[in-house]
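>>> pasted the sequence and its predicted model underneath.
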Amino acid sequence: MEHVSENTKARLGLLALPKLGPARARWLLGDQEPAAVLDSVRRGRFPANSDHPPPGVNLRLLTEWAQAARSLNLDRLVEAQTLDGRRILAPTDDAWPFDEDPEPPILLFYIGQLDLLDHDPAVAVVGTRRCTSVGRAVAYEFGASLADAGVAVVSGLALGIDGAAHRGCLDRDGQVVGVVGTGLDVVYPGANRGLWADVSTSGLLLTEALAGTRPQRWRFPARNRLIAALCKAVVVVESHDSGGSLLTVDECLDRDRTVFVVPGSVASPASDGVNRLLIEGATPARDAMDVLGALNYQPHKQTRADQQQRLLLAENSSPATNHGSLQQLILNEASAAPTTIDILIAVSGTEPSEVVAELQRMAAQHLIEVDGSIVSAISQRS
Amino acid sequence: MLATVSSAVVHGVDGRSVSVEVHVSNGLPGYTLVGLPDASCRESRDRVRAAILSSGLKWPTKRITINLAPSGVRKQGSSLDLPIALGLLAASEQIPIESLKRFGAVGELGLDGSVRAVPGMICLADAVEAPEIFVPSDGAEQAAVVRPGSVRPAENLHQLAVGLGEADVLPAVLEAALPEAGTCVTSSPDLADVRGQPLARWALEVAAAGGHHLLMIGPPGAGKTMLASRLAGLLPSLEPDRALSVTRVHSAAGLALPSGGLLTHPPFRAPHHGASMVAMVGGGTAAMRPGEISCAHGGVLFLDELGEFSVPILDALRQPLEQGVVRISRAARSITLPANFLLVAAMNPCPCGEGGAGGRCRCSDAARARYSRRLSGPLLDRFDLRVEVRPPAPAVLLGGGKEETSAIVADRIARARAVAATRGVRCNAELSNSEVERWAPLSADATQFLRIALEKGELTGRGLRRVRTVARTIADLRGDELVLSAETVQAAFGLRATPRSVLGTP
């Protein structure tokens, strides 16, 4: 077991107390030694110079804390936090990224490459869990092209936009940082188990919650503030009118991060939130280049020209030329907005079997994506 | 005096021969019925007594013992009323005992002596061992289908008693009038009523031509049910031996049969999603009544709102889908019922129905995950064709465009099935592994495409065989040559695409 300082152990102890979130813990700590604070809690006393307790903190709660604190086994707690490759990062460590943050976590727990925290720049890609297939494709593309440009991609490992951005970044061997709201041993949502494993092996997975912490509603907005703190800019791909990603935007604005939004159709409820942000003055972004341009960042890995070449290659390698016209027609139809197979059959006037076969060929070349009967173009731009 | 009449009871989709032995002797007047009769069978005593009295005959005031042999098998149903009555009349010397050597009987009796129809006429007629048989006139045609030239439709008990007795005028033998193939008029709605939906129409055509199971996924009102209800009209008529086995099931289940006695058109069964396990699979009573999946034998089983069916019922479909039969085992006995059907299912992408594209879904992640979990992977894998059905554009709905009629499509399907018949199977879905190797060879390009799909894990071993059989059907519909081109295989692969929203993967 690695050496853990007494103060870090005390911080762990505070985190393990019931009904004690980051805000109350910060208030308790003030600017005192954590070990001393835990000690006074144990003895049922509020620490010195902690006036004006936050709402809900009273003597009864303190008694509860004191009881829990007395029965804590700090060594066993440390051990539980450092199993299976999990590590603890404390404010005293050099890599601690929250020195200037208004609402720093008490401790961080991570698996993976800690040096990713120093990676500059890091861009967060966030959005709704209930995304459209277009939104998913756009998020994937953002993740992939940010990775190509050598930018670290930060997101929340949720369903929908978050997961797609992570996946795009991972598929291009990019630098990926996943910030989660549960303990590192509690995979949530379960559907993202594979993604969770990939991020922890080839990137950095971190949380402020103790191992074993189940998903709780309040932890996700809290997680969003960590995302905001760790990135230089945030890209909101899709968000409903009252989405959690709007909370991330608020946290980003508090911390002077640039907010980019991907404009969406006014008819799509999944874009209501981003379109409102546009009206309120957020910077629109069509692709990763728009983000990097606004950040004055010179990409050092791959450029847009490379990607266009890839596209050209794919087009030229199509097996037969008579497919060419149908392929072109499909690209034209799908590039404006996602279309359906039924429309493509009707517009092209060809047999359904030919259209379906052509779509399979194009999907294999990553020109389009077929989800059910929805056909969307993947790399028309960017 | 002892009289014996041969008769039968229904068991599953078969008849089981029963010999009704009636013994009338001196002693205290009484009536005993033995041989494991169930309630409906035991009630025959009162019906038979009233029928005999109403027909102007005498109820013997003696000791009556009736045995239903073999006595170890449970008997159910009212089909033994008529043989019991005839046996009683013979044993009490009101009709000659020898006359019953030549005649078996099945049928229920009314209190007025009339002979009434019973379910399972075909199975019963088949099982009765006597050279000729009296049957209710309503249902005699079905019996004549399996026993041509030996079926005598009976109107009432009096007619039989008089005919077997002195007058010797029996009801005439019914000649079987087999309906000719193709004369059956289908009442199935026409495919021309469906606007747009070229992809789903094509999938329906492939499903009908190759016997491939089809899953349609789409929001409410997209036209899934409308499409599925047109499927029965696309299938070719049943071949004679198949028609007989299908009719046998319907007869045993007590379903209405056409006037000719023989079902010539594939059945279309659409059970509600509230159906119980026994209603779907069969069994339940002593007669082991066939369930919905057996009633769909030779035709289409349409499960609308697949996601609302209970999980055990859906999983119970797996064996029949693979083997074409369902084995029902109960403590006392087990039975194999035919269940070779084309499964067509429709479901919404999520509980609110608006999932998939558009972002209009109101369901929570948990609700969506729960919904998609209902479809077990193995069940989903058995659908060779999975298409997403989207509501057609307003212009298509309101436009006056002409769509293909069922007749045209059915013609193409009949031709493709004729090609499949040259391979010794009814449809391509029935091709075995070795037959797939022989009849669905792959071109080099097609092999390459499938190899990549297998490597990427988009296809399982079973899936591979299914893709090849579907590709075979697509090629048959187009009149292509033996070797499957890459395009055909890609088209078949494209018909397996499941929307991610349904699979529950991000």
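Done, it's in.

>>> so what are the sheet partners of the longest strand seen in chain B and their directions?
The strand that spans the most residues within chain B, counting by DSSP state E, is strand B:14-25. As defined by DSSP bridges, the strand partners of strand B:14-25 come to strand B:2-11 (antiparallel), strand B:63-69 (antiparallel).

>>> those: which one's closest to A:Ala95?
strand B:2-11 (77.7 Å; CB to CB). The way it works is simple: take the backbone N, C-alpha and C, and place the C-beta from them, glycine included.

>>> low-confidence stretches in the chain?
Picked chain A for this. Scanning chain A with the threshold set as pLDDT under 70 gives A:1-2, A:49-50, A:299-324, A:336, A:379-382.

>>> um, chain B though
Using pLDDT under 70, chain B drops low at B:167-168, B:176-187, B:355-360, B:365, B:400-401, B:499-506.

>>> roughly how far apart are the residue nearest to the spatial centre of it and B:Arg333?
When CA atoms, centre = their mean is applied to chain B, the residue found nearest the centroid is B:Cys295 (2.0 Å). According to CB to CB, to the nearest Å, B:Cys295 and B:Arg333 sit 21 Å apart.

>>> swap in A:Ala139?
The spacing between A:Ala139 and B:Arg333, counted by CB to CB, is 59 Å.

>>> and these two? which has more neighbours close in?
The residue with more neighbours, out of A:Ala139 and B:Arg333, is A:Ala139; 29 against 14, by other CB atoms under 10 Å in any protein chain shown.

>>> neighbours of B:Thr32, how many?
Other residues close to B:Thr32 by other CB under 10 Å number 11.

>>> mark out where each domain of chain A begins and ends.
A:6-78, A:111-294, A:305-377 (automatic domain parsing).

>>> would TSV of these with distance to B:Val311 be doable?
Putting these into TSV (distance: least, CB to CB, whole Å) gives the following:
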stretch	distance to B:Val311
domain A:6-78	38
domain A:111-294	19
domain A:305-377	23
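
>>> okay, these, which one's buried deepest?
Per residue and on average, the most neighbours among the domains of chain A fall to domain A:111-294, with a mean of 22 (mean count of other CB atoms under 10 Å in any protein chain shown).

>>> middle-most residue in chain A, spatially?
Note: chain A centre (CA atoms, centre = their mean) maps to A:Ser155, 1.0 Å.

>>> from A:Leu278, how far off is that one?
21 Å.

>>> got the residues of the stretch 1-150 of chain A near chain B?
When proximity is defined by CB under 8 Å from any CB of the partner chain, the stretch 1-150 of chain A lies next to chain B at A:128-135.

>>> which of these fall in strands?
Going by DSSP E, the strands hold none of the residues of the stretch 1-150 of chain A next to chain B.

>>> show me where the stretch 301-450 of chain B has strands.
If DSSP state E, counting those that start in this stretch is used as the criterion, the strands of the stretch 301-450 of chain B fall at B:325-329, B:334-338, B:342-347, B:385-388.

>>> please identify the most buried of those strands.
Taking mean count of other CB under 10 Å, strand B:385-388 is the most buried of the strands of the stretch 301-450 of chain B, at a mean of 26.

>>> so what are the sheet partners of that one and their directions?
Strand B:385-388 is paired, per DSSP bridges, with strand B:214-217 (parallel).

>>> get me the contact residues on the stretch 151-300 of chain A for chain B.
So far as CB under 8 Å from any CB goes, the stretch 151-300 of chain A lies against chain B at A:159-160, A:163-164, A:189, A:191-192, A:195, A:238, A:240, A:268-271.
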